[in-house]
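Peer 1: sequence isn't available, so here's the structure alone:
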């Protein structure tokens, strides 16, 4: 029996004490829950806290929160529509 390969991983770059990060996380959660409700695929989410990963601070620090999936990134508190559009492009959408 073969094990299905895991789906894509969405990286969510954030920082401690970042209000925009908290808002973006809630918006992302809403979008993911809506995709589940429609029966669409959702990525695994990996939260990366820049406060604990100083080597990534130079790359992402000025732009957090950043959502990265399938080689594409959204930064600085993406809207619900932007997150939906990214997931639809990378993961597809049911009719």
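Peer 2: It's in. Computed from a prediction, not measured in an experiment: that's the story for all the values here.
Peer 1: would you mind confirming that residue 63 is in contact with residue 78?
Peer 2: No. Applying Cβ atoms under 8 Å, one finds residue 63 not in contact with residue 78, separated by 10.7 Å. Yep, even glycine has a C-beta here, placed from its N, CA and C like the rest.
Peer 1: more neighbours: which of those two?
Peer 2: residue 78 (22 against 12; other Cβ atoms under 10 Å).
Peer 1: thinking that one is in contact with residue 24, fair?
Peer 2: Yes. Contact status for residue 78 versus residue 24: in contact at 6.2 Å, counting by Cβ under 8 Å.
Peer 1: find the residue at the geometric middle of this protein.
Peer 2: The centroid of the chain falls nearest to residue 67 when counting by Cα atoms, centre = their mean (4.0 Å).
Peer 1: now what about the host helix or strand of that residue, what contacts it?
Peer 2: For residue 67, the enclosing helix or strand under DSSP states H and E is strand 66-69. Here strand 66-69 makes contact (Cβ atoms under 8 Å, 6 or more residues apart in numbering) with 8-13, 24, 28, 43, 60, 73-75, 78, 83, 86-87, 90.
Peer 1: now the buried members of these.
Peer 2: Buried members of the contacts of strand 66-69, counted by 16 or more other Cβ atoms under 10 Å: 10-13, 24, 28, 43, 60, 74-75, 78, 83, 86-87.
Peer 1: make CSV out of these and add distance to residue 34 and pLDDT.
Peer 2: Formatted as CSV, those follow (distance: Cβ to Cβ, whole Å; pLDDT from 0 to 100):
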residue, distance to residue 34, pLDDT
10, 15, 97
11, 20, 96
12, 17, 97
13, 22, 96
24, 16, 94
28, 11, 95
43, 14, 95
60, 26, 89
74, 17, 91
75, 22, 86
78, 15, 78
83, 10, 88
86, 14, 89
87, 10, 89
